[in-house]
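Visitor: Sequence and predicted structure below; questions after.
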Amino acid sequence: MVDVGEKAATARRARAAGSILMRPETLALIVQGTAKKGDVLGVAQVAAIQGAKKTSDLIPLCHPIAMTRVAVEFEIDTQTNAVHCVTIAESFGRTGVEMEALCAVTTGLLTIYDMCKAVDRGMRIEGVRLLEKTGGKSGHWLAP
């Protein structure tokens with residue numbers, strides 16, 4: 001792990017996004033709340049938060065971070081038959097929360113896949129990326 005002991009503790013924030021594309025019938029199950037495994041987006045939201053909290057357990061050289069906030073939003077896109085996910089991770093500390101935001105997105109989208117795979121194994125997770133980060137020595141970064 002990188003030594004962050006000499007770094008100043010600052011407010012850190014990261015925003016990440018990704019999408020899962022699927023058949024229209026699969027999206028309808030999610031919207032109508034009739035998937036066999038239950039409330040897909042409700043479970044995916046909890047999973048995303050849990051994924052952010054467990055990031056250092058999954059990424060070998062990632063520091064464990066005491067986060068002050070994790071937010072997860074899903075948007076239904078009937079034009080592209082997709083669910084878009086945006087997450088925000090925040091902390092006050094010596095290292096950033098980009099990995100936590102990215103892990104939250106990925107875990108949320110993987111949960112949607114898991115809960116709907118019985119009806120649509122062809123779903124695709126795409127576009128997982130960091131959108132923005134603030135705090136620390138490098139300051140503010142915004143995706144182009």
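Guide: Now that the structure is in, tell me what you want to look at. Numbering: from 1, shown residues only.
Visitor: tell me the contacts of the residue most central in space within the chain?
Guide: In the chain, the centroid-proximal residue (CA atoms, centre = their mean) is Val105; its distance is 1.6 Å. Shown in contact with Val105 (CB atoms under 8 Å, 6 or more residues apart in numbering): Ala16, Ala17, Gly18, Ala48, Cys85, Val86, Thr87, Val128. For every residue, glycine as well, the C-beta is placed using N, CA and C.
Visitor: swap the cut-off to 10 Å and go again
Guide: The contact partners of Val105, by CB atoms under 10 Å, 6 or more residues apart in numbering, come to 15-19, 48, 51-52, 72, 84-87, 89, 125, 127-131.
Visitor: Let's see the biggest helix by length in the chain as PDB, backbone CA atoms only.
Guide: If you go by DSSP state H, the chain has its longest helix at helix 98-116. Output of helix 98-116 as PDB, limited to C-alpha atoms (Å, rounded to 0.1, in the frame of the first residue of the first chain):
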ATOM      1  CA  GLU A  98     -12.600   7.000  -6.400                       C
ATOM      2  CA  MET A  99     -12.300   3.200  -6.000                       C
ATOM      3  CA  GLU A 100     -15.300   3.200  -3.600                       C
ATOM      4  CA  ALA A 101     -17.500   5.100  -6.000                       C
ATOM      5  CA  LEU A 102     -16.500   2.700  -8.900                       C
ATOM      6  CA  CYS A 103     -16.900  -0.400  -6.800                       C
ATOM      7  CA  ALA A 104     -20.400   0.800  -5.800                       C
ATOM      8  CA  VAL A 105     -21.400   1.300  -9.400                       C
ATOM      9  CA  THR A 106     -20.100  -2.100 -10.400                       C
ATOM     10  CA  THR A 107     -21.600  -3.900  -7.500                       C
ATOM     11  CA  GLY A 108     -25.000  -2.300  -8.100                       C
ATOM     12  CA  LEU A 109     -25.000  -3.200 -11.800                       C
ATOM     13  CA  LEU A 110     -23.800  -6.800 -11.100                       C
ATOM     14  CA  THR A 111     -26.700  -7.200  -8.600                       C
ATOM     15  CA  ILE A 112     -29.100  -6.200 -11.300                       C
ATOM     16  CA  TYR A 113     -27.500  -8.800 -13.600                       C
ATOM     17  CA  ASP A 114     -27.800 -11.400 -10.900                       C
ATOM     18  CA  MET A 115     -31.400 -10.700 -10.100                       C
ATOM     19  CA  CYS A 116     -32.400 -10.800 -13.800                       C
END
